[in-house]
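> Sequence isn't available, so here's the structure alone:
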């Protein structure tokens, strides 16, 4: 019996005899730099990166849209947790523009010097030169990513062994830090961390893997540093960063992390990790439209938040926020256009509509297009029994969205449901014999399978992103997006007098129709 057991043990491959968590972490510390790593005080990195946004593709579920080329210089004082990042971001989507700005995080406070987004807060607009404090959510999300990408993460694991746990994967350890939980996967040969994962909720992709993949480790002043760093969302590269230069323990300017007192005083506090919608806060800057507010889609210094505003008899628009829905009253039910931003906003709209139009359930949810910022709240409507109306080519995509697990979403409905989806190839009219609500496919430069809405009895159209009526002044000549609205109206023989928008408020279509084409 003893001989058999001994033979069995000898026959096992060495890889199956897993190292303890402490041994794995110690090996990683030694691989990254050992004693030299423990003496690491400052690090400065120069790098360039490319970014893609999966939720802004031209075709639903299709190729991700390339959005921005970036270069940056990041200086970190690891002894006190302060970071300064000097950015230059050259955007190609949704419009061509370049932002140069500086981010500083120090003492749990974030500060931006310069313009970093098209969606500027009142504080940024009022300051000269432009400056603003970061929202607490942005600080928390940024701190998580700084910790994830720090060479000292393995040191933190070694110093906090009680928060390091083994996993079913012998190459991976779970680490509970102040910023959240990381799953750290190690290269069995070198001991170096090769993939650092968080589990994030994405409203369209559901429970998701968000990974930082590290490779091309090079020696720099006694430590190892990964010169290739790639972020992946469910296996797809969304940020591809190449490190150009690294300097270790160089002296940093005494004022490198200074935040003006006027911005330090009263700055938002960091948000608890489990309260941060990471994928929105981290990826909205991918397209340069992040509103740096803890209210997320409105600036509390400008707006009191969501409200339902009557824009025609029996037609209400959500206003007070950056992303709107349209609620149309029918005889015995309601039709809603778009489910922007989040499940929380969808629930607000559903509750407000129930109070304003009692006894009338939301029977249809019309999605103008598939982009994340206008569909992230789709689950709440589907769980309530609404029929989804989507453009051609988008049906299977949304069936897949609604079938993905969503256990991590704080506001995601836990109710099981079978979605009902109508895919519109040309036009689709919702009617109750009293009022007609039309949906019409239109060609456009923004998204395939795009639906324009039209409430015929009040001559009111609805579009999102192609035109933001009441917000953006009309140009001297039609741009491609505005031209697609006019062409769509003409193609379907509609007679709108006004349009409501998924952004902005309402505006005169008659004025838009007067703008000459290019």
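Cool, got the structure. Only a predicted model underlies this, so the values are computations on that prediction, with no experimental measurement involved.
> make it CA atoms for all contacts and neighbour counts henceforth
Fine.
> buried set for stretch 36-51?
By neighbour count, with 16 or more other Cα atoms under 10 Å as the criterion, the buried positions of stretch 36-51 are 37, 40-51.
> Narrow those to those in strands?
42, 43, 44, 45, 46, 47, 48, 49, 50, 51 (DSSP state E).
> how much space between the fifth one and residue 81?
When distances are taken as Cα to Cα, to the nearest Å, residue 46 and residue 81 turn out to be 19 Å apart.
> The second one too?
Summarising the geometry, the distance separating residue 43 from residue 81, computed by Cα to Cα, is 11 Å.
> Over to residue 194?
Shown here: residue 194 relative to residue 81, a distance of 23 Å by Cα to Cα.
> neighbour count winner among the two?
Neighbours of residue 194 and residue 81, each counted by other Cα atoms under 10 Å, are more numerous for residue 194; the result is 21 against 16.
> which outside residues touch the one helix or strand the more buried one maps to?
Mapping residue 194 onto the secondary structure by DSSP states H and E places it in strand 193-202. The contact list for strand 193-202, computed with Cα atoms under 8 Å, 6 or more residues apart in numbering, reads 28, 148, 181-187, 207-215, 277-279, 406, 408-409.
> Show me what the following helix or strand past it is packed against.
Proceeding N to C from strand 193-202, the next assigned helix or strand is strand 206-220, under DSSP H and E. Packed against strand 206-220, as judged by 3 or more Cα pairs under 8 Å, 6 or more residues apart in numbering; DSSP states H and E, are the following elements: strand 193-202, strand 223-233, strand 236-248.
> could you dump the ones you listed to a markdown table with mean pLDDT and distance to residue 477?
Converted to a markdown table, these look like this (pLDDT from 0 to 100; distance: least, Cα to Cα, whole Å):
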| stretch | mean pLDDT | distance to residue 477 |
| --- | --- | --- |
| strand 193-202 | 97 | 38 |
| strand 223-233 | 98 | 39 |
| strand 236-248 | 98 | 35 |
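> Could you identify which of these is most buried?
Mean neighbour counts were taken over those using mean count of other Cα atoms under 10 Å, and the top value, a mean of 22, falls to strand 193-202.
> That one - which strands sit beside it in the sheet, and in what orientation?
According to DSSP bridges, the neighbouring strands of strand 193-202, each with its direction, are strand 180-186 (antiparallel), strand 206-220 (antiparallel).
> Mean neighbour count, those strands: which tops it?
Comparing the strands paired with strand 193-202 by mean neighbour count (mean count of other Cα under 10 Å), strand 180-186 comes out on top with a mean of 20.
> So what's the gap between that strand and the chain middle?
Centroid separation for strand 180-186 versus its chain: 21 Å, with Cα atoms, centre = their mean, to the nearest Å.
> Likewise for stretch 251-269?
Averaging C-alpha coordinates over stretch 251-269 and over its chain gives two centres that are 27 Å apart (Cα atoms, centre = their mean).
> From start to finish, how long is it in a straight line?
The first residue of stretch 251-269 is 29 Å away from its last residue (Cα to Cα).
> in the protein, which spans are helices?
Listed from the start of the chain, the chain has helices (DSSP state H) covering 2-11, 21-32, 35-38, 122-126, 136-148, 153-159, 261-264, 278-283, 343-356, 372-375, 378-383, 395-403, 480-492, 509-514.
> Least confident of the ones you listed, on average?
For the helices of the chain, the weakest mean pLDDT is recorded on helix 2-11, namely a mean of 41.
> Name whatever forms a beta bridge with the closest residue to residue 279 other than its chain neighbours.
Taking Cα to Cα, 6 or more residues apart in numbering as the measure, residue 279 lies nearest to residue 202, with 6.1 Å between them; neighbours along the chain are not counted. Counting by DSSP bridges, residue 202 is bridged to residue 206.
> how close does residue 202 sit to residue 379?
Relative to residue 379, residue 202 is positioned 12 Å away (Cα to Cα).
> so who does the closest residue to residue 185 other than its chain neighbours touch?
Nearest non-adjacent residue to residue 185, counting by Cα to Cα, 6+ apart: residue 172, 4.2 Å away. When the contact criterion is Cα under 8 Å, 6+ apart, the partners of residue 172 are 166, 183, 184, 185, 186.
> May I see these organised as a markdown table, with distance to residue 352 and pLDDT added?
Output for the contacts of residue 172, formatted as a markdown table (distance: Cα to Cα, whole Å; pLDDT from 0 to 100):
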| residue | distance to residue 352 | pLDDT |
| --- | --- | --- |
| 166 | 47 | 97 |
| 183 | 40 | 98 |
| 184 | 44 | 98 |
| 185 | 46 | 98 |
| 186 | 50 | 98 |
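> and the two most separated of those residues?
Across the contacts of residue 172, no pair lies farther apart than 166 and 186, at 12.3 Å, counting by Cα to Cα.
> any idea how far residue 462 lies from residue 68?
The span separating residue 462 from residue 68 equals 30 Å under the rule Cα to Cα.
> okay, now residue 23: neighbour count?
By the criterion of other Cα under 10 Å, residue 23 has 13 neighbours.
> do residue 397 as well
17.
> where's it relative to residue 61, distance?
The gap separating residue 397 from residue 61 is 6 Å, by Cα to Cα.
> Where does the prediction get shaky in the stretch 351-500 of the chain?
Along the stretch 351-500 of the chain, the model assigns pLDDT under 70 to no residue.
> where along it do the strands fall?
Listed in chain order, the strands of the stretch 351-500 of the chain (DSSP state E, counting those that start in this stretch) span 362-366, 387-391, 420-424, 427-431, 436-441, 451-455, 460-463, 498-501.
> Mind checking these for the one nearest to residue 322?
With Cα to Cα, the closest approach to residue 322 among the strands of the stretch 351-500 of the chain belongs to strand 498-501: 10.5 Å.
> Touching, residue 334 and residue 359? I think so.
No - when contacts are counted by Cα atoms under 8 Å, residue 334 is not listed as touching residue 359 (9.9 Å).
> which one of those two has more residues nearby?
When neighbours are counted by other Cα under 10 Å, residue 334 and residue 359 differ, and residue 334 comes out ahead with 22 against 12.
> Return the residues in contact with that one.
When contacts are counted by Cα under 8 Å, 6+ apart, residue 334 is found next to 327, 328, 360, 361, 362, 363, 364.
> closest to residue 232 among those?
The shortest separation between residue 232 and any of these is 34.5 Å, and it belongs to residue 364 (by Cα to Cα).
> and the closest one, what are its bridge partners?
Checking residue 364 by DSSP bridges, which sets the bridge assignment, gives partners residue 335, residue 387.
> got a list of what it touches?
For residue 364, the contacting residues are 334, 335, 336, 386, 387, 388, 389, taking Cα under 8 Å, 6+ apart as the criterion.
> and residue 226, how far is that from residue 217?
Distance from residue 226 to residue 217, by Cα to Cα: 4 Å.
> farthest-separated two in the ones in strands among the buried residues of stretch 36-51?
By the measure Cα to Cα, 42 and 51 form the most distant pair in those, at 26.8 Å.
> Number of residues surrounding residue 392?
Residue 392 is flanked by 17 other residues according to other Cα under 10 Å.
> What separation is there between it and residue 438?
Look at residue 392 and residue 438: by Cα to Cα, they are 15 Å apart.
> again, but for residue 124
From residue 124 across to residue 438, the span is 40 Å (Cα to Cα).
> Please apply the same query to residue 79.
Computed as Cα to Cα, the residue 79 to residue 438 distance reads 61 Å.
> Excluding covalently adjacent residues, which one is nearest to residue 311?
Nearest residue to residue 311 in three dimensions, chain neighbours excluded: residue 317, at 6.6 Å (Cα to Cα, 6+ apart).
> For that neighbour, give me the pLDDT.
The predicted structure scores residue 317 at 98 on the pLDDT scale.
> ok, so what distance separates the residue nearest the centre of the chain from residue 212?
Among the residues of the chain, residue 280 comes closest to the average C-alpha position under Cα atoms, centre = their mean, at 2.6 Å. Counting by Cα to Cα, the gap from residue 280 to residue 212 is 17 Å.
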